[in-house]
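Colleague: Coordinates for the following, if possible.
(2 chains)
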Amino acid sequence: GAGVSQSPSNKVTEKGKDVELRCDPISGHTALYWYRQSLGQGLEFLIYFQGNSAPDKSGLPSDRFSAERTGGSVSTLTIQRTQQEDSAVYLCASSSTGDPHNEQFFGPGTRLTVL
Amino acid sequence: DAKTTQPNSMESNEEEPVHLPCNHSTISGTDYIHWYRQLPSQGPEYVIHGLTSNVNNRMASLAIAEDRKSSTLILHRATLRDAAVYYCILSPGNQFYFGTGTSLTVIP
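Modeller: Alright, predicted model coming up:
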């Protein structure tokens, strides 16, 4: 695959349920980013991985949000006990190195709807 | 958060140059200025970035004020495919702070 892929593309869940969102970065990219985009808003930075480590988790909006990355590749963003305000498009991006000035390549996003 | 301010929307005629402004008065000495754009129903895509000097690439030019408190993205000849939301972003390290961006409409 040439680009960043995310799954599922759409997720509808009920309030209070847990969800997992997956990101497959471009092969060989060491840096991985998660963002959230609420309707009509700009992107909100959530977390950044360099390899499997997340040096800064301060962008995560609450302790219901967690993320991990394994094998320096796939990353999963988990939202526990979802709330309606979690409804948004969750975007993942990867970059070839951890240099913050390298181009980030974005996936198509996962649209999460919490009923 | 490293904050940027952009106009909500702009219009341009096709084939004419477009100047998209961005204010970032609180920029620090090590912050790079990045521009990304987001076409409808897609993830953002990289446009250009710079630190102090003006930058050119195949997509656009970036003009950075001498005091670095503002910058301008220049599209030399707007096409219909350039219609998108353009984000001006500061990066103090690996945290990218997107604002709400400028929605560019290109008029045929």
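Colleague: In chain A, what helix or strand scores lowest on average pLDDT?
Modeller: In chain A, no helix or strand scores lower on mean pLDDT, DSSP states H and E than strand A:53-56, which sits at a mean of 84.
Colleague: Within its sheet, name the partner strands of that one and how each one runs.
Modeller: strand A:43-50 (antiparallel) (DSSP bridges).
Colleague: What residues sit buried inside stretch A:72-79?
Modeller: Across stretch A:72-79, burial judged by 16 or more other CB atoms under 10 Å in any protein chain shown covers A:72, A:73, A:75, A:77, A:79. (Each C-beta comes from the backbone N, C-alpha and C, glycine too.)
Colleague: list the contacts for the closest residue to chain B within chain A?
Modeller: Nearest residue of chain A to chain B: residue A:106, at 3.0 Å (CB to the nearest CB). With contact taken as CB atoms under 8 Å, 6 or more residues apart in numbering or on different chains, residue A:106 is in contact with A:4, A:91, A:92, A:93, B:42, B:43, B:44, B:45.
Colleague: tell me which of those is nearest to residue A:44?
Modeller: Nearest to residue A:44, judged by CB to CB, of those is residue A:91 at 9.7 Å.
Colleague: just for chain A, where's the confidence low?
Modeller: For chain A, applying pLDDT under 70 flags the ranges A:1.
Colleague: State the three-state secondary structure for the residue positioned nearest the centre of it.
Modeller: Compute the mean C-alpha point of chain A, and by CA atoms, centre = their mean the closest residue is residue A:34, 3.4 Å away. Here residue A:34 is strand, with the state taken from DSSP: H, G, I helix; E, B strand; the rest coil.
Colleague: Distance across stretch A:57-69, terminal residue to terminal residue?
Modeller: Using CA to CA, to the nearest Å, one end of stretch A:57-69 lies 13 Å from the other.
Colleague: buried set for it?
Modeller: A:59, A:60, A:65, A:67, A:69.
Colleague: Kindly report the same for stretch B:55-73.
Modeller: Neighbour-count burial for stretch B:55-73 flags B:55, B:60, B:61, B:62, B:63, B:64, B:68, B:70, B:71, B:72, B:73 (criterion: 16+ other CB under 10 Å).
Colleague: still on that earlier bit, can you tell me the closest non-neighbouring residue to the residue of chain A closest to chain B?
Modeller: With sequence-adjacent residues excluded and distances taken as CB to CB, 6 or more residues apart in numbering or on different chains, residue A:106 is closest to residue B:43, at 3.0 Å.
Colleague: Test my guess that that neighbour contacts residue A:108.
Modeller: Yes - counting by CB atoms under 8 Å, residue B:43 touches residue A:108, with 5.8 Å between them.
Colleague: who has more neighbours, these two?
Modeller: Per other CB atoms under 10 Å in any protein chain shown, whichever of residue B:43 and residue A:108 has more neighbours is residue B:43, with 23 against 17.
Colleague: tell me the strands in chain B, going along the chain?
Modeller: For chain B, the strands defined by DSSP state E cover B:9-13, B:18-23, B:32-38, B:45-50, B:55-56, B:61-64, B:70-75, B:84-91, B:102-107.
Colleague: who does the longest one touch, helix- and strand-wise?
Modeller: The reference is to strand B:84-91. With contacts taken as 3 or more CB pairs under 8 Å, 6 or more residues apart in numbering or on different chains; DSSP states H and E, strand B:84-91 sits against strand B:18-23, strand B:32-38, strand B:70-75, strand B:102-107.
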